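Q: The following comprises the amino acid sequence and a computationally predicted model.
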Amino acid sequence: MSNVRYISNLTRDTYAIILAGGRGSRLYELTDWRAKPALYFGGKFRIIDFPLSNCINSGIRRVGVVTQYKSHSLIRHITRGWGHFKKELGESVEILPASQQTSGNWYQGTADAVFQNIDIIRHEIPKYVMILSGDHVYRMDYAGLLAAHAESGADMTVCCLETPIAEAAGAFGVMEVDENMRVIGFQEKPAHPKPTPNDPEKCLASMGNYVFNTKFLFDQLKKDAANADSDRDFGKDIIPSIIEQFNVFAFPFTSAVPEQPAYWRDVGTLDSFFQANMELLSPTPQLNLYDAKWPIWTYQEQLPPAKFVFDDDDRRGMAVDSIVSGGCIISGAKVKRSVLFDEVRVCSYSSVKDSVLLPDVVVLKHCNIQNAIIDRGCIIPEGTVIGHNQEHDKARGFRVSEKGITLVTRKMLGLPEGY
C-alpha cells in the first residue's frame, strides 16, 4: 500500500473533537463576551480557525467542536465559515454544545466533555479519535501523528512540544518518556520538570492533543465517569491512570523548518496574545499566514480593500510594518507596528503604534495610542492618549497587563457591551 493511500485511510478513519468550551480567564475582559477559541487573531482569523484548518489540511474531515462558555459568537463563526461540508460525502464540522446527555451536569472537565458525546462519536464509527485543544495557535499536519500512533501499537498518543525546562516549570503538564518515547510518568505543572532522554535542558510539554483507539477511549471514559474522586480531566486523571498498564506514547511536535523551533503559542494571557500578534509583523514570521500550501481557513465578510488617504506633511494616511485588514480606512493618520482587524477607522492627526485593534474600532482625531489592545467596537474619543502613562490608564478604568500593555473595552469607555 502506498504511503499516500495509507495516510488517507488513517485520516478517513479518524474523528476529531476540538475542545472549545473554555473561558480563558487570564484574558480578563477580552473573554467577558466570548470563549477563548472565538478570540480574534492575526488580523482576520479567530483562534478556533487554526485547529480546524489543521484538521482539514491534514485530510481529517469529520470534526466535532465542543462548546460551553459564552459560545454564541463561536457558534456563529463556525456556522458561517465552516458549515459548508457535505455529510453525505463523509465530511462535517458539527457543533457539540453542552446538552447534559449523560447527566444533569454541564461539562465537568475535558474528559467529561468527550464522555458526554460518546453516542455521537460511536455513530461515526471511527477507528481513532483525535482530541484537540481549541485555544492554541499553530500549524500542524496531524497525519504524521496518526501514522506514529498506528505504527507504535499505542492505545493513546500524546502530542508534545520540546520546551526549555525553565519555560515549562509550573506552566505545562510534562511527560516523562523512555528511549522509545513510551510515556512512563506524567507531572502536572511541576516546579522541576524531568528532562528528555536526549537533552537535559529540555522536557516534553503536553500540547493537549491526543489520539486514542476508539474502544480504548470509551473504556477509559466510562471508568473515569464512575470514579467519584476524578476531576474528569485527561491530564490530571486519564493519563496518570493508564501509563503503567497500557501503551501510551509521546509524539514530539517539530518544526518543518530545520534548526527552527516549532511554532506553537498558548495565547492565554493578555501579554502572550499581544506578543503573538506582534510576531506576525516580522518580515519572515515563524507563523507564515501567506503559505498557500497550508492555508488558514476562516469566515470573512465581503469587504472593500483597505484605504489610505491624504498626503499632506502633517496629515498623511500611512501604515508601516503593520497588518491592515479589509475595510480599514487610515485617514490622515499614522499606524506603525500594529495589527488592524476588519473595518478599523483611524482618523486625522492620530497615531497608533505597537498596538492591536480588533474589528470595528474607531479612533477619532488627535489620539495617541501605543502598547494597547483595543477590543471590538470601541470608539476612542477625540484627543485620547492611551499607553503612555500606566497610572493614568489605570485611573481611567483601563486594565494594564504585567508587561505594560493597556486593554481597552467598550464597557471601560461607557459604551454598550456585546460581542
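A: Noted; the coordinates are in hand.
Q: can you pull out the strands in the stretch 201-350 of the chain?
A: 202-213, 248-253, 264-265, 307-309, 311-312, 315-316, 318-320, 323-324, 329-331, 334-336, 339-340, 345-346 (DSSP state E, counting those that start in this stretch).
Q: Buried deepest among those, which one?
A: Most buried of the strands of the stretch 201-350 of the chain, by mean neighbour count (mean count of other Cβ atoms under 10 Å): strand 339-340, with a mean of 27. Yep, even glycine has a C-beta here, placed from its N, CA and C like the rest.
Q: helices or strands up against that one?
A: Packed against strand 339-340 by the contact rule (3 or more Cβ pairs under 8 Å, 6 or more residues apart in numbering; DSSP states H and E) you find strand 323-324, strand 351-357.
Q: still on that earlier bit, output the strands of the stretch 201-350 of the chain in CSV; the columns should cover distance to N368 and mean pLDDT.
A: Output for the strands of the stretch 201-350 of the chain, formatted as CSV (distance: least, Cβ to Cβ, whole Å; pLDDT from 0 to 100):
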stretch, distance to N368, mean pLDDT
strand 202-213, 40, 95
strand 248-253, 41, 96
strand 264-265, 29, 94
strand 307-309, 19, 98
strand 311-312, 19, 95
strand 315-316, 15, 96
strand 318-320, 16, 98
strand 323-324, 19, 98
strand 329-331, 15, 98
strand 334-336, 10, 98
strand 339-340, 16, 98
strand 345-346, 11, 98
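Q: can I get those strands in TSV with distance to T298?
A: Listed next are the strands of the stretch 201-350 of the chain as TSV, based on distance: least, Cβ to Cβ, whole Å:
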stretch	distance to T298
strand 202-213	21
strand 248-253	23
strand 264-265	17
strand 307-309	22
strand 311-312	33
strand 315-316	32
strand 318-320	22
strand 323-324	14
strand 329-331	22
strand 334-336	23
strand 339-340	15
strand 345-346	22
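Q: returning to that earlier point: nearest approach to I165 belongs to which of the helices and strands packed on strand 339-340?
A: Of all the helices and strands packed on strand 339-340, it is strand 351-357 that lies closest to I165, at 30.7 Å by Cβ to Cβ.
Q: Which strands border the strand or helix carrying V129, and is each parallel or antiparallel?
A: V129 is part of strand 128-133 when elements are defined by DSSP states H and E. When pairing is defined by DSSP bridges, strand 128-133 lines up against strand 14-19 (parallel), strand 202-213 (antiparallel).
Q: Residues touching the helix or strand following it, excluding its own?
A: Next in sequence after strand 128-133, counting helices and strands by DSSP H and E, comes strand 137-138. For strand 137-138, contacts defined as Cβ atoms under 8 Å, 6 or more residues apart in numbering pick out 41-42, 47, 50, 54, 253, 262-265, 267, 276, 287.
Q: Quick check: helices, which of the residues you listed are part of them?
A: Counting by DSSP state H, the part of these found in helices is F50, N54, A276.
Q: Do you know the pLDDT at the nearest residue to the first one once chain neighbours are set aside?
A: Which is F50. For F50, ignoring the flanking residues on the chain, the nearest one in space by Cβ to Cβ, 6 or more residues apart in numbering is V137 at 5.2 Å. pLDDT, V137: 97.
Q: what about the nearest residue to L39 once chain neighbours are set aside, distance to A35?
A: Ranked by Cβ to Cβ, 6+ apart and with sequence neighbours excluded, the top spatial neighbour of L39 is I47, at 5.4 Å. Per Cβ to Cβ, to the nearest Å, I47 is found 9 Å from A35.
Q: now swap in A148 and tell me
A: 31 Å.
Q: Neighbour count for these two, which is higher?
A: With neighbours defined as other Cβ atoms under 10 Å, A148 and A35 compare such that A35 has more, 26 against 18.
Q: can you tell me how far the more buried one sits from Y69?
A: Note on A35: its distance to Y69, by Cβ to Cβ, is 5 Å.
Q: ditto for A276
A: Separation of A276 from Y69 (Cβ to Cβ): 21 Å.
Q: which of the contacts of strand 137-138 are buried?
A: 41-42, 47, 50, 54, 253, 262-265, 267, 276, 287 (16 or more other Cβ atoms under 10 Å).
Q: Check pLDDT for the residues you listed and point me to the minimum.
A: Lowest pLDDT among the buried ones among the contacts of strand 137-138: A262, 89.
Q: Look up phi and psi at that one.
A: phi -60, psi 140 (degrees, to the nearest 10).
Q: Without its sequence neighbours, what residue ends up closest to it?
A: Spatially, and ignoring its direct neighbours in sequence, A262 is nearest to S255 (4.2 Å; Cβ to Cβ, 6+ apart).
Q: Can you give the contact residues for stretch 346-355?
A: 278, 310, 314-315, 328-340, 362-374, 387.
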